[in-house]
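Q: Predicted coordinates and the sequence they were generated for:
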Amino acid sequence: MGLLDELRSRNFSLYAQWLGIISLILLVVLGVVALTSNFIFSIVGWVIAFILFFVEIPLCTKFCPTSPRFDAFIARFENAYFRGAMYIV
């Protein structure tokens, strides 16, 4: 399946998941790099990376023990349109 077929089918979930994983890695790495100059932004980046870890890699929610309250919070991000809007913001 080529890129044009993917655009016609409007099924971007696989690409979005990989971009989310790349974003997660970049947030952690750049948070470490910017720790000395921008401490607050590093902490915010790590918090967002933690949330992305459980949102983009659903297998992690099965292996890691989580509370029902955290599971309800993560369930808000199941809608692909909402996740896309959050990435744009």
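A: Arrived safely, thanks for sending. Residues are numbered from 1 along each chain as shown.
Q: Show residues contacting the longest helix anywhere in the chain.
A: Determined from DSSP state H, the single longest helix within the chain is helix 13-33. Residues from elsewhere that reach helix 13-33 (C-beta atoms under 8 Å, 6 or more residues apart in numbering): 6, 41-43, 45-46, 48-49, 52-53, 55-57, 80, 83-84, 87. Where C-beta positions appear, they are placed from N, C-alpha and C, glycine not excepted.
Q: For ChimeraX, what selects the buried ones among the residues you listed?
A: A single ChimeraX command selects the buried members of these (16 or more other C-beta atoms under 10 Å):
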select :42,45,48,49,52,53,55,56,83
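Q: now, which of the contacts of helix 13-33 lie within helices?
A: Counting by DSSP H, the contacts of helix 13-33 place 6, 41-43, 45-46, 48-49, 52-53, 55-56, 80, 83-84, 87 in helices.
Q: worst-scoring helix or strand of this structure, pLDDT-wise?
A: helix 58-63 (a mean of 65; mean pLDDT, DSSP states H and E).
Q: what's the spacing between Pro65 and Phe50?
A: 15 Å (C-beta to C-beta, to the nearest Å).
Q: That should have said Leu24, apologies.
A: 9 Å.
Q: Neighbour count for the two, which is higher?
A: Leu24 (20 against 13; other C-beta atoms under 10 Å).
Q: Model confidence at the more buried one, what's the number?
A: For Leu24, the pLDDT comes out at 85.
Q: Residue ranges in the chain under the pLDDT threshold?
A: 1-7, 10-14, 57-63, 86-87, 89 (pLDDT under 70).
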